[in-house]
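Asks: Sequence and predicted structure below; questions after.
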Amino acid sequence: STSNVKSIGITNNSSRLSEAEVKRMVVEAERFATEDAKVLERVQAKNSLETYTYSVKQAVEDRDAYNKLSSDDIQAALDKAGDTMAWMDSNQSAETDEFELKRTELETITKPIMTKLHGAAVA
């Protein structure tokens, strides 16, 4: 008989994460998930304000608006939309509640005007 011996060595691969490292990463991911949700909410509020502002501006600059709205209404909407755009340009890092407050301020001025422009279709 031959005396060939075969052995298999099992070694810990140093590129694998330890249990402690995995737990640490899970805790960090949970913490970042909360922060990510806040950032997402802020970005959505900013985008909502920006979209509404541009839609107001575009609506009152349309030819149709001149037949349905007074020049005072058109100017009021354009002024408030312009003020809001200027505020957004200088407050890029504003918080969610600030973007929401600005949208409410804009809507207070423009909703009655948009209702006149679009009739009863605007709620």
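Replies: Nice, thanks for sending it over. These figures come from a predicted structure and were not determined experimentally. Numbers count the residues shown, from 1 in each chain.
Asks: Show me where this structure dips below the pLDDT cut-off.
Replies: Applying pLDDT under 70 to the chain flags residues 1-15, 120-123.
Asks: pull the longest helix from it.
Replies: Longest among the helix segments of the chain by residue count, using DSSP state H, is helix 19-61.
Asks: I'd like to know which elements that one is packed against.
Replies: Helix 19-61 makes packing contacts with helix 71-90, helix 96-118 when contacts are defined by 3 or more Cβ pairs under 8 Å, 6 or more residues apart in numbering; DSSP states H and E. All C-beta atoms are positioned from the backbone trio N, CA, C, and that covers glycine.
Asks: how distant is it from the center of its chain?
Replies: Here the centre of helix 19-61 is set off from its chain's centre by 5 Å, with Cα atoms, centre = their mean, to the nearest Å.
Asks: other SSEs contacting the very next helix or strand once past it?
Replies: Counting by DSSP states H and E, the element after helix 19-61 in chain order, helix or strand, is helix 63-68. On a contact count with 3+ Cβ pairs under 8 Å, 6+ apart, helix 63-68 meets helix 96-118.
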